[in-house]
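S.K.: Model the structure of this input:
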Amino acid sequence: MPVRYTVKQVSQLTGISTDLLRAWERRYGVVSPRRTASRYRLYGDDDVARLRRMAELVAGGAPASLAAEQVVAESPPDLDGGTTASPDGPQTSGNGHRTPAGGAELGWTPAALPPSALPPVDALAEAARNLDRAALERTLDRAMAAGSFETVFDEWLTPALVRVGEGWAAEEISVAGEHFVSAAVHRRLSQAFEAAGTAVNAPVVMVGLPPRTMHELAALALATCLRRRGVDVRYLGADLPVASWVSAARRLEPAAVAISVPRPADEQAAAELVRALAEADPTLRIFAGGRGCAGWGEEQPATVLQGSVTRSAHDLAVSLAT
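M.R.: Residues are numbered from 1 along each chain as shown. Alright, predicted model coming up:
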């Protein structure tokens, strides 16, 4: 008869707080404990070993999400134990690679998912038209459980948001409906950002938007992708004044800054910000991405990120290592 431990006993054995232990189970599916008839968790020796390995990797500087991917790759939990891995749990990255602690980066190319794994691309637009909360949450739950963050964002969420934007432009979706969906997606991206954990002794990258620039979903997704690659991201959000950008850069001395320029209308504010940052610190590496800076050339002291958000995160992370 295998030995079984309560959550309190596992906490004592591993040195992991009960709250953190439950969070790792819920978010990443690192362990899958049995349940008693009264629904109490009971952990086995394999669960204890996985949690110790997870703690070791995190203590060594690996983001929690990537540490979980390695733990699950090394020793998959027994999902017959009575619990199911969280939809936010570890996934294989787009090209099938898993990232060991301190090791290789996640690939950026999304793997094709079977059509049945993802909701229809029109599902978000339909929820926006009807302000249907249940349909919206159900759609996002299904999508986020289908694959890695990178794959889902590139393959489904980006085109789904484009459909919402097209519906709004055609006046088929109200402003309220568009905001309704955007707010829900923002919450999911924020959860993914938090779940990625924080790297230790990693390069610092500031991510945010110029003043008077409000559309931040792409910026938050970029920040999440970078964090999942082991970058210490300081996400500054939308509509940040130039003086605040410059002050933050002086305080943090980051390895780089990444500025999201989502619309052509945001180009002027972004160009002013780039010039101010370059004047304050000519050695600062400045990256910019989005439709608003697509036409920039050498006149701007910034590297323009090309392609999808996932590709941009890959290219930026690679550049930090060179």
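
S.K.: Around residue 183, count how many other residues there are.
M.R.: Using other CB atoms under 10 Å, residue 183 has 10 other residues around it. C-beta coordinates here come from the backbone N, C-alpha and C atoms, glycine included.

S.K.: Distance from the helix or strand encompassing it to the middle of the chain?
M.R.: Assigned by DSSP states H and E, residue 183 belongs to helix 175-195. Helix 175-195 sits 12 Å away from the centroid of its parent chain (CA atoms, centre = their mean, to the nearest Å).

S.K.: Tell me where the stretch 1-150 of the chain has helices.
M.R.: Secondary structure of the stretch 1-150 of the chain (DSSP state H, counting those that start in this stretch): helices at 7-14, 18-28, 45-59, 64-74, 123-130, 133-144, 149-152.

S.K.: What is the helix or strand following the last one packed up against?
M.R.: With elements assigned by DSSP H and E, the helix or strand that comes after helix 149-152 is helix 158-169. Contact analysis of helix 158-169 by 3 or more CB pairs under 8 Å, 6 or more residues apart in numbering; DSSP states H and E lists helix 123-130, helix 175-195 as its packing neighbours.

S.K.: residues contacting the residue positioned nearest the centre of the chain?
M.R.: The residue lying closest to the centre of the chain (CA atoms, centre = their mean) is residue 224, at 2.9 Å. Counting by CB atoms under 8 Å, 6 or more residues apart in numbering, residue 224 touches 149, 189, 192, 193, 196.

S.K.: State the pair within these that is farthest apart.
M.R.: In the contacts of residue 224, the most distant members under the criterion CB to CB are 189 and 196, with 10.7 Å between them.

S.K.: Check the secondary structure at residue 259 for me.
M.R.: Classification of residue 259 using DSSP: H, G, I helix; E, B strand; the rest coil returns strand.

S.K.: check contacts around it.
M.R.: 208, 209, 210, 270, 273, 274, 286, 287, 288, 289, 293, 302.

S.K.: Return the backbone torsion pair for the fifth one.
M.R.: Comment: the main-chain dihedrals of residue 273 come out as phi -60, psi -50, following degrees, to the nearest 10.

S.K.: Contact partners for it?
M.R.: The neighbours of residue 273, taking CB under 8 Å, 6+ apart as the test, are 210, 211, 242, 245, 259.

S.K.: what about the fourth one, which helix or strand?
M.R.: Read it as residue 245. Residue 245 belongs to helix 242-252, assigned by DSSP H and E.

S.K.: what's the distance between that helix and the middle of its chain?
M.R.: 24 Å.

S.K.: average pLDDT across that helix?
M.R.: Averaging pLDDT along helix 242-252 yields 97.

S.K.: Check which residues of that helix are buried.
M.R.: Under the neighbour-count criterion of 16 or more other CB atoms under 10 Å, helix 242-252 has 242, 245, 246, 248, 249 buried.
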